[in-house]
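# Let's see this in three dimensions:
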Amino acid sequence: MRRHLAVLPTGPAIDQVEQWRRRWDPVMARLVPAHVTVTYPEETVDEELLLRRARRRLGTVPPFRLRLGAVVAEDGGGGGVFVAVEDVDGGWADLRRRLLAEPMTPLDVPAHLTVVHPRTSARGPECLAALAGRRLAAEVRIREVRYTETTADAFTLLRRFPLGTGAAGR
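Okay, the predicted model is just below:
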């Protein structure tokens, strides 16, 4: 079981990412929607503290934009294939700062959308060869963070945290 705080963007560019995921990593695509993780289980040393912070702080964070970019990979695709994500307004980084202050242990993981995960597909190198040079160049607006749980056979939404009503972009 893995619990994350994540944003689940929508729109035509995400539809394209989902098509790629269904082709190259159908197990993950069937189980978990495309998302950008805000907090990973490995960073969370106190789940209750994380959720208290989310309840108290996320309503004060304005909606923000993420820009989807190039298809990138780790280890020639063997470590996964991703769509790079730019934090246009700094909102994703702000969420991480607010939620992962001590005693949490933030990892140095850039914002990304996973196309192929090495736990669920060995087709990363093949995917990278097919998608090399592709770039989505689209923006998505983020208005909520979701607390989710993933098991071997289920993806469950545990809680929604709407972002504040401040103007998108800063």
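
# residue contacts, the spatially most central residue of the chain?
Centrality entry for the chain: nearest residue to the mean C-alpha point is Val36, 1.1 Å, by CA atoms, centre = their mean. For Val36, the contacting residues are Ala6, Val7, Pro9, Leu66, Val85, Trp92, Ala111, His112, Leu113, taking CB atoms under 8 Å, 6 or more residues apart in numbering as the criterion. C-betas here are computed from N, CA, C, even on glycine.

# Pull out the buried residues from the biggest strand by length in the chain.
Longest strand in the chain by number of residues (criterion: DSSP state E): strand 64-73. Residues Phe64, Arg65, Leu66, Arg67, Leu68, Gly69, Val71, Val72, Ala73 are the ones in strand 64-73 that count as buried (16 or more other CB atoms under 10 Å).

# other SSEs contacting that strand?
Secondary-structure packing of strand 64-73 (3 or more CB pairs under 8 Å, 6 or more residues apart in numbering; DSSP states H and E): helix 12-24, strand 81-87, helix 91-99, strand 112-116, helix 124-131, strand 135-142.

# and of the ones you listed, who's closest to Phe161?
With CB to CB, the closest approach to Phe161 among these belongs to helix 91-99: 9.6 Å.

# Show me the contact partners of that closest one.
With contacts defined as CB under 8 Å, 6+ apart, helix 91-99 is touched by 5, 7, 36, 38-39, 50, 53-54, 57-58, 61-66, 85, 87, 106, 111, 142, 145, 163.

# Can you give the distance of that helix from its chain's centre?
Helix 91-99 has its average C-alpha position 13 Å from the chain's average C-alpha position, going by CA atoms, centre = their mean, to the nearest Å.

# Could you do stretch 25-38 as well?
Relative to its chain's centre, stretch 25-38 lies at 9 Å (CA atoms, centre = their mean).

# Give the full set of residues in contact with Thr148.
Contacts here follow CB under 8 Å, 6+ apart; on that basis Thr148 touches Arg3, His4, Leu5, Ala6, His35, Phe155, Thr156, Leu157, Leu158.

# hmm, back to that, tabulate the buried residues of strand 64-73 (CSV), appending pLDDT and distance to Thr150.
Shown next, in CSV, are these (pLDDT from 0 to 100; distance: CB to CB, whole Å):
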residue, pLDDT, distance to Thr150
Phe64, 97, 24
Arg65, 98, 26
Leu66, 98, 21
Arg67, 98, 26
Leu68, 98, 22
Gly69, 97, 25
Val71, 98, 23
Val72, 98, 23
Ala73, 98, 22
